[in-house]
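Participant: quick check, what structure comes out for this input:
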Amino acid sequence: MGLDVQVVDVGPPADWVKINVRATNDSFEVYALVPGLLQNEVRVQSDPAGRLVVTGQPNQLYNPCVWMTKFFFQVVTLPARIDQLRTNAFLTFHGCLHVHVPFAQQNLLVKYQEY
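Facilitator: This is a model prediction of the structure:
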């Protein structure tokens, strides 16, 4: 059974960016292939509703090694609330972005007894 995840390009299409999501017991693991971009050229933002915004902008637009790499702006909508304060991301040297997205902690319900 697959996850109900939506990935939407905001702005020009970025078919060269490939995003996969898998769920574990306590988090989502988001993997994005962003070849040709460096760590300071990729940004990840999150909100508690379960949205990740992944953007990238090469600093050297005319680098022949990254001829197809251009600006991208994608929104990944996850099927559950997340803990944005514990969300973290890192980019490997080979252009694989890994984002660890923990689920939001459930609120504990306390029942009060009237006397």
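
Participant: what's across from V30 in the sheet?
Facilitator: V21, V99 (DSSP bridges).

Participant: you'd agree it is up against V76?
Facilitator: Yes: V30 is in contact with V76 according to C-beta atoms under 8 Å; the separation is 6.4 Å. Just so you know, the C-beta spots here come from the backbone N, C-alpha and C atoms, and that holds for glycine as well.

Participant: mind checking the SS state of V54?
Facilitator: Classification of V54 by DSSP: H, G, I helix; E, B strand; the rest coil places it in strand.

Participant: which parts of this structure are strands?
Facilitator: 6-9, 18-23, 27-33, 42-47, 51-56, 72-77, 88-91, 96-102 (DSSP state E).

Participant: direction included, what does the first one pair against?
Facilitator: Pointing back at strand 6-9 there. Strand 6-9 sits in its sheet next to strand 72-77 (antiparallel), going by DSSP bridges.

Participant: any buried residues in the strand it pairs with, and which?
Facilitator: Buried residues in strand 72-77, counting neighbours by 16 or more other C-beta atoms under 10 Å, are found at F72, F73, Q74, V76.

Participant: can you list residues touching both of V30 and V76?
Facilitator: Common contacts of V30 and V76 (C-beta atoms under 8 Å, 6 or more residues apart in numbering): I19, V21, L52.
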